[in-house]
Structure formats: structure tokens, C-alpha cells
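K.L.:
the following comprises the amino acid sequence and a computationally predicted model.
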Amino acid sequence: MQILDGKIVSQAVKDDLKQQTLDLKAKAGKTPHLAAILVGTDGASETYVASKIKSCEEIGFKSSLQRFQSDIDESTLVEAIEALNRDADVDGILVQLPLPKHFNEEKIINLIAPEKDVDGFHPISLGKLVQGLPTFISATPYGIMLLLKHYNIDTVGKHAVVIGRSNIVGRPMSILLSQNTNPGNCTVTLCHSKTQNLKDICLQADIIVAALGKVSFLTADMVKENAVVIDVGITRVADSSKKSGFALKGDVDFENVAPKCSYITPVPGGVGLMTIAALLMNTFNACVKK
Ligand code: GUN
């Protein structure tokens with residue numbers, strides 16, 4: 001069993017981007033700028049946004065963060081996004097999800113200019129992805145593809161089972177794995193909460209991507225020998241032995257599943273770090289294209 005180490009691979013991506021950013025500045029006088037919007041005080045969202053901003057600083061990107069109280073009205077958020085759309089200095093816009101309940105997330109995402117949609121959530125980005133056209137790819141599935149590529153994992157003709165059909169992870173993941181690319185060329189089964197015989201389907205999988213947000217959902221009896229297991233889950237579970245008061249837990253029962261796998265991602269230290277690396281790549285590309 002080999003660990004797919006998001007720490008090593010994301011650092012390699014960031015080192016490369018840092019150099020490319022220096023080159024871009026020297027040659028074209030441009031520096032990528034990621035603008036983040038955070039509404040409310042959700043603990044996990046605060047942590048994610050802080051990591052994204054810190055990563056921008058590490059590699060020489062500009063970044064900015066606008067914070068809003070959770071009870072702001074829609075027009076305030078709409079105006080903030082429209083101002084960022086107009087701002088020629090901003091390359092990428094990120095509205096951290098989830099938004100407070102009174103917002104229609106779909107409507108808000110649709111306001112982001114597609115050429116600045118570095119999260120890849122806009123229907124134009126997702127539509128292009130489905131057609132196999134160049135676009136911003138949602139950061140988590142993109143990060144997973146980078147991880148598979150780095151470890152040279154053979155995906156051609158393999159059966160990949162994706163558990164979870166969100167627009168952010170499961171659905172784009174299923175499309176990417178099915179494309180005529182490397183990694184890619186999988187036969188993909190997209191499973192969800194209504195799937196029957198999930199265990200039997202998982203047992204046929206060469207590659208499993210667990211992205212449903214249920215702690216330790218994927219157990220050893222659902223995984224065949226030598227499978228590749230990618231764990232997208234990142235749930236906070238109370239743990240008094242930790243300084244923060246919580247531990248991060250994945251969707252995979254790592255302890256019992258890992259011995260059966262050829263490759264597996266840990267939580268933390270796997271997919272989460274790759275998500276940030278992929279977001280930075282999208283932001284860099286947005287800046288270059290402009
Ligand atoms: N919430 C959970 N994951 C993400 C992400 O990749 N981007 C944004 N904007 N919000 C998220």
C-alpha cells in the first residue's frame with residue numbers, strides 16, 4: 001500500500017507556480033490576484049479561506065478577502081461580486097460555500113464572470129468541462145487528477161466508482177475520469193444516496209472516490225484488493241485530545257481499508273491540500289489568459 005501524499009504533491013505544484021509567477025512578473029509585469037469573499041463565521045470555511053490566502057502569499061500571488069456578516073442582504077453580495085468582475089486587477093473570484101441559508105447559491109455563483117470563475121462552479125465552466133473544452137475545473141476533482149497523474153496511476157479502462165453527485169466534486173470527477181485523457185479513460189459509475197447495491201458496485205471498483213461527507217462510510221468489506229481509494233471527506237469530529245477541540249475525519253475507514261489498497265489518500269494530508277493547489281493553478285491560468 002502506498003500513500004498518495006497531498007502534502008508532497010501540492011508543495012511541488014506550489015513550488016512550480018512560485019517560479020512561474022516570478023517569470024510572469026518579469027516577462028509580462030503581471031501578478032495573479034485571487035479575491036475571496038467569506039460570508040458569516042462558519043469555522044471550517046474560515047479555516048479553508050485562511051489556507052487559500054496563506055498559500056497565495058507563499059507563492060507570490062496577490063490576494064484579498066472581503067468578509068461579510070451572515071445577515072447581509074443579497075444586494076450587498078451581488079454588488080461585491082459585480083465590483084470584482086469589473087476590477088481589472090482581479091484575476092480570480094472565490095465565494096466560499098456554503099453561504100448562509102437565505103442565499104440562493106446557484107444565483108450567486110452565476111454572477112461571477114466566467115473568465116474569473118477559478119472555482120469552476122459557473123454553469124459555463126461546468127458545461128465546457130462536459131464537452132471536453134479547456135476551462136476552469138472545479139478544484140477538488142482537478143486536484144485529484146493532479147494526484148493520480150503525479151503517481152502515474154494507470155486508469156485506462158479501469159472501473160472507477162464515484163460516490164456522491166455534487167456539482168462541485170462527484171459530478172465533475174465522474175466526467176474527468178471518463179474523458180479520453182491521462183489520467184482518464186475509466187469506465188465510471190456515479191453512485192449517490194438512492195443507489196442500490198452500493199457495496200456490490202464498490203467491490204467491482206478499481207478506483208473509488210468517496211465524496212459523500214459521511215465519516216468512515218467506506219469500510220473494508222466494500223473494497224476489493226489492490227483498489228485505489230481517494231477520500232474527499234473532511235468532517236470535523238469533536239476530539240478533546242486536540243488543541244483545536246476537533247479532528248478531521250474522512251469518508252473512508254482508513255485504518256481497515258488502507259491494508260487492502262494499492263494506493264490511498266490520507267485525511268488530512270491528501271485531497272484537501274490538492275484542492276488548494278488546483279485553485280492556485282486555475283488562478284494563475286486566469287491571469288495568463290487575461
Ligand atoms: N466549499 C467547499 N469546498 C469549496 C471550494 O472548493 N470552493 C468554495 N468556494 N467553497 C467551497
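P.N.:
Ah, there it is.
K.L.:
Ile208 falls within a strand, correct?
P.N.:
Yes. Counting by DSSP: H, G, I helix; E, B strand; the rest coil, one finds Ile208 located in a strand.
K.L.:
for this structure, which residue gets nearest to the ligand?
P.N.:
Using C-beta to the nearest ligand atom, the closest approach of the chain to the ligand is made by Leu97 at 3.8 Å. Quick note: C-beta positions are derived from backbone N, CA and C, even for glycine.
K.L.:
hmm, that residue is touching Glu105, no?
P.N.:
Yes. Contact between Leu97 and Glu105 holds when scored by C-beta atoms under 8 Å: they sit 6.2 Å apart.
K.L.:
tell me the pLDDT of the closest residue to Gly233 other than its chain neighbours.
P.N.:
Distances taken as C-beta to C-beta, 6 or more residues apart in numbering put Asp251 closest to Gly233, at 3.1 Å, once the chain neighbours are dropped. As summarised for this prediction, Asp251 has a pLDDT of 98.
K.L.:
how about the helices of the protein, start to end?
P.N.:
6-28, 43-59, 74-86, 105-111, 123-130, 139-150, 170-178, 198-203, 254-257, 271-289 (DSSP state H).
K.L.:
include distance to Cys186 when you put those into CSV, please.
P.N.:
Written out in CSV, the entries for the helices of the chain read as follows (distance: least, C-beta to C-beta, whole Å):
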stretch, distance to Cys186
helix 6-28, 20
helix 43-59, 28
helix 74-86, 36
helix 105-111, 28
helix 123-130, 16
helix 139-150, 10
helix 170-178, 4
helix 198-203, 14
helix 254-257, 20
helix 271-289, 17
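K.L.:
how about Thr76, what does it touch?
P.N.:
For Thr76, the contacting residues are Phe68, taking C-beta atoms under 8 Å, 6 or more residues apart in numbering as the criterion.
K.L.:
list the buried ones in stretch 141-154?
P.N.:
141-148, 150-151, 153 (16 or more other C-beta atoms under 10 Å).
K.L.:
next: stretch 14-33.
P.N.:
Of the residues in stretch 14-33, 14, 17, 20-21, 24, 32-33 count as buried by neighbour count, 16+ other C-beta under 10 Å.
K.L.:
average pLDDT for stretch 171-190, rounded please.
P.N.:
Here the mean pLDDT over stretch 171-190 is 98, rounded to a whole number.
K.L.:
between the two ends of it, what distance do you get?
P.N.:
Using C-alpha to C-alpha, to the nearest Å, the end-to-end distance of stretch 171-190 comes out at 8 Å.
K.L.:
go on, stretch 57-71?
P.N.:
Between the opening and closing residues of stretch 57-71 we find a distance of 30 Å, counting by C-alpha to C-alpha.
K.L.:
any chance you could list what contacts it?
P.N.:
14, 17-18, 21-22, 25, 31-41, 49, 52-53, 56, 76-77, 80, 89-90, 100, 280, 283-284.
K.L.:
near the ligand at all, that stretch?
P.N.:
No. Stretch 57-71 stays clear of the ligand (C-beta under 6 Å from any ligand atom), getting no nearer than 12.4 Å.
K.L.:
which residues of the stretch 1-150 of the chain lie near the ligand?
P.N.:
The stretch 1-150 of the chain has residues 94-97, 119, 139-140 near the ligand, with proximity defined as C-beta under 6 Å from any ligand atom.
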